[in-house]
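Curious how this folds, go ahead:
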Amino acid sequence: MSVSTQGLRLRSGSQWLSDATELLSSMRFAIALLSVICIASVIGTVVKQHEPINNYVNQFGPFWAEVFGSAGLFTVYSAWWFLLILAFLVISTSLCIIRNTPKIFADFKAYKENIREQSLKAFHHRAEGSVDEVPEAAAHRIGQQLLGSGWKVKLQSRETPQGTGWMVAAKAGAANKVGYLAAHGAIVLVCIGGLLDGDLVVRAQTWFNGKTPFTGGGLIADVPAQHRLSPQNPTFRGNLLVSEGTSSSTAVLPQASGVLLQDLPFSVELKKFIVEYYETGMPRLFASDIVIHDLETGEKKEARVEVNHPANHRGINIYQSSFDDGGSRVKLQAVPMQPMAKAFDVEGNIGGSTELSNGEQRMTLEFTGLRVINVENFANAGSATDVRKVDLRQSIESRLGSGHKTVTEKTLRNVGPSVNYKLRDSAGQAIEYHNYMLPVELDGQHVFLLGMRETPQEPFRYLRVPADENDSMDGFARLRAALADPVLREQAVRRYAAGSVEGGRADLAEALAASATRALDLFAGAESVKPANGGAPVSGGLQAVSTFLETNVPEADRERAGDVLVRILNGSLFELLQLSREKAGLAPAARDEATQRFMTQAVISLSDTFFYPAPMTFLLKDFTQVQASVFQVARAPGQNIVYLGCVLLIVGVFAMLYVRERRLWVWLAPRESGSAATMALSSNRKTLDADREFDLLKTQLLKVNP
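Residues are numbered from 1 along each chain as shown. Sure thing, here's the model as predicted:
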């Protein structure tokens, strides 16, 4: 029997209904639906699902993000068209099975022993010969041989003009047809399991039970009932975030326009979250030691949840999904970046905020993140190796100030903890900052990395601040404060001029002091310069010095004048450093290579501080980490159905690919001496195995040499 691709034909009713039924029940329609589902699954794999809309706008742009969102490509597996295709595939495949199953079962019983002798001569595999036995004896012998080889045999006697002839009809490999039923049944089971475990039931509750997504904020306990699903909900899949030492019994189900809250029949208490890392900084082990508290019986059950090793209670699986900060306590130190700012300490919890004031200016400090481990690649700018997929080298190359390149070999190093925070002004505008707790060694110089970005779509740009001999920012902060003090600037200029002029010539010292005063005032922002092209005045940093040269020095003399002015500026800043140390009661800085590297980086960093958007930066001084575990909780009644479907699919595919259906006929006609034999073999696939088998059967049954 060959399986037809045509569908069911109705013998009554209108023509359009007959055509629609035939199309829906045809194999070609089921294959087309299956192809569309495969394409949609590829899209759902490539495009991240259930991400915030801003992520898609950043990736695809506003126009295409809206187009893709309208098509449901960001929630493929719960899109209405995907569920509709699944439903049609179930119906179509079921109709295919219903249409072909009676034929297959009828074919199981049929041996087709009534085939004519002339028809046997039309087969590809055919042979003729003679045997010494009479037809009946030969038929029984051949039948016994075939039965011993695993064939099913049926014998039929026929009356002919020459006498009684015998037909031997045999068949083998009927499991090939079972493979057809198993494979198609597997498709139906997998689709039904997918429909049961999808959000179809949740959507039905929003359509018919008055449930609506929640879009506000506040405590979970205060969310109204119309946004909550019952613990008896037959199927769901949501996220549960639990901090160490706390418990939770409400899962969050993301929806397109908000979230639904799923009440659980138990609460999950996180005793301890365990995470271990490889040397590359990638997590090696996620594990959560939890206690499950049954809300109905009061039962307590301890369990450990690891990746691929979920816990189960009341038919709900608890999977280890990810981890997050659970409200760690951090202590930050404010380091002034502008003259009017003051140093102070502030404490808070990750996820919280505090109010700050700078005179009439008021800001909100939001504690957004703590990273205890940051393993970075300090060699390959194109490789991201830390646990949160942040490439420090790549970010530094686009930081404030000059670029930084590297051609060294791959080097992975843990650079220690870092803190993320936002400073939000009174208008609600926020800038995000990412500062590392410890100095990082770059090109032989220890620097503090102070990152900032104005929008989440941008990469962090980093300001590199040199660390002093004690690996702190105190030396730079003192130098920055001294630069803003006109009295100290004047003293530094006098010292520099007195130490640079030989012979005590007062006229040269006076001229040098005037040049140094001008350079230092320009660099400190005490004097602004208007560009020659008429743009906005430039104040502070190397940019002001450069603008001054472009405005007041002829182009032919700018390079020489620039070298002189930079040497004067560096010398004055070094004296300013010494004055800042004297004022702090410290010994003078040595005139060595380490101090020179510090001053070189300090000049660049001081110049960049004029572009820093905040009056201060916050360094992480201390923290108490509190970790949180992110669980995925799921009640999946279709899971076992899908597993059964997968088993049937494997059985069906192997049966159809590796089991050959064969039918054999041997017609034995009477002769004066013995019998005349005609043999034919039919197979559903033409293979070399079929050729070899037929040659073997000719030899064994008819004694005919191949």
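
residues contacting residue 477?
The neighbourhood of residue 477, defined by Cβ atoms under 8 Å, 6 or more residues apart in numbering, consists of 335-336, 343. Using the backbone N, CA and C atoms, a C-beta is placed for each residue, glycine as well.

so how many other residues sit close to residue 230?
One way to gauge burial is a neighbour count; for residue 230, by other Cβ atoms under 10 Å, it gives 13.

what pLDDT does it get?
The pLDDT attached to residue 230 in the predicted structure is 92.

hang on, isn't it packed against residue 263?
Yes - counting by Cβ atoms under 8 Å, a contact exists between residue 230 and residue 263, whose distance comes to 6.7 Å.

Show me the shaky parts of the protein.
Scanning the chain for pLDDT under 70 picks out 1-14, 280-281, 358-359, 377-411, 503-504, 704-706.

Domain boundaries for it, per the record?
Taking automatic domain parsing as the criterion, the chain consists of the domains 15-107, 111-173+660-702, 207-234+236-326+627-635, 333-465+620-624, 480-618.

want to try TSV for those domains, with distance to residue 646 as columns?
Shown next, in TSV, are the domains of the chain (distance: least, Cβ to Cβ, whole Å):
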stretch	distance to residue 646
domain 15-107	15
domain 111-173+660-702	24
domain 207-234+236-326+627-635	17
domain 333-465+620-624	33
domain 480-618	53
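
so which of the ones you listed comes closest to residue 184?
Residue 184 sits nearest to domain 15-107 of all the domains of the chain, at 5.2 Å, using Cβ to Cβ.

Can you get me the start-to-end distance on that closest one?
31 Å (Cα to Cα, to the nearest Å).

now swap in stretch 531-545 and tell me
First-to-last residue span, stretch 531-545, Cα to Cα: 11 Å.

Next: stretch 212-230.
Here the two ends of stretch 212-230 are set 13 Å apart, with distance taken as Cα to Cα.

Check the burial of the closest residue to residue 95 other than its chain neighbours by counting its neighbours.
Ranked by Cβ to Cβ, 6 or more residues apart in numbering and with sequence neighbours excluded, the top spatial neighbour of residue 95 is residue 25, at 3.4 Å. Neighbours of residue 25 under the rule other Cβ under 10 Å: 23.

Quick check: phi and psi at residue 25.
Backbone geometry at residue 25, expressed as degrees, to the nearest 10, gives phi -100, psi 0.

Assess the claim that it and residue 97 are in contact.
No - Residue 25 lies out of contact with residue 97 (Cβ under 8 Å); the separation is 9.7 Å.

Which neighbours do these two have in common?
With Cβ under 8 Å, 6+ apart as the test, residue 25 and residue 97 reach no residue in common.

Now the nearest residue to residue 457 once chain neighbours are set aside: which helix or strand?
Nearest non-adjacent residue to residue 457, counting by Cβ to Cβ, 6+ apart: residue 58, 4.2 Å away. Taking DSSP states H and E as the definition, one finds residue 58 inside helix 53-60.

Go ahead and name everything in contact with whichever helix or strand comes after that helix.
For helix 53-60, the succeeding helix or strand toward the C-terminus, using DSSP H and E, is helix 62-70. Under the contact criterion Cβ under 8 Å, 6+ apart, helix 62-70 has outside partners 47, 53, 56-57, 59-60, 74.

what do you get for stretch 171-178?
Outside stretch 171-178, the residues within contact range by Cβ under 8 Å, 6+ apart are 1, 104, 107-108, 111, 150-152, 652, 655-656, 659-664, 684.

Cross the residues you listed against helices and list the overlap.
The helices in this structure, assigned by DSSP state H, contain 104, 107-108, 652, 655-656 from the contacts of stretch 171-178.

among those residues, who's most crowded?
Ranked by neighbours (other Cβ under 10 Å), the ones in helices among the contacts of stretch 171-178 are led by residue 652, which has 23 neighbours.

Neighbours of the closest residue to residue 34 other than its chain neighbours, how many?
Among residues not flanking residue 34 along the chain, residue 89 sits closest, at 6.4 Å (Cβ to Cβ, 6+ apart). Number of residues near residue 89 (other Cβ under 10 Å) recorded here: 23.

Surely residue 196 is in contact with residue 640?
No - taking Cβ under 8 Å as the definition, residue 196 is not a contact partner of residue 640, at 10.2 Å.

out of those two, which sits in the busier spot?
Neighbour comparison, residue 196 and residue 640: the larger count goes to residue 196, with 17 against 11 (by other Cβ under 10 Å).

show me what contacts that one?
The neighbours of residue 196, taking Cβ under 8 Å, 6+ apart as the test, are 235, 636-638, 641.

could you point out the longest strand in the chain?
strand 258-277 (DSSP state E).

ok, and for that strand, which residues are buried?
259-270, 273, 275 (16 or more other Cβ atoms under 10 Å).

same for that strand, what does it pack against?
The helices and strands touching strand 258-277, judged by 3 or more Cβ pairs under 8 Å, 6 or more residues apart in numbering; DSSP states H and E, are strand 228-229, strand 236-243, strand 247-255, strand 283-294, strand 316-325, strand 627-635.

is it possible to export these to TSV including distance to residue 523 and mean neighbour count?
Formatted as TSV, the helices and strands packed on strand 258-277 follow (distance: least, Cβ to Cβ, whole Å; neighbours: other Cβ atoms under 10 Å):
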stretch	distance to residue 523	mean neighbour count
strand 228-229	62	20
strand 236-243	48	20
strand 247-255	52	19
strand 283-294	46	17
strand 316-325	41	19
strand 627-635	46	21
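
any chance of the ones you listed in CSV, with distance to residue 222 too?
As requested, these are arranged in CSV below (distance: least, Cβ to Cβ, whole Å):
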stretch, distance to residue 222
strand 228-229, 11
strand 236-243, 17
strand 247-255, 12
strand 283-294, 22
strand 316-325, 22
strand 627-635, 21
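
wait, which of those strands is closest to residue 206?
Distance to residue 206, taken as Cβ to Cβ, is lowest for strand 247-255 among those, at 8.1 Å.

Run the angle between the closest one and strand 316-325 for me.
Comparing the axes of strand 247-255 and strand 316-325 via axes from the mean of the first three to the mean of the last three Cα atoms, to 10 degrees yields an angle of 90 degrees.
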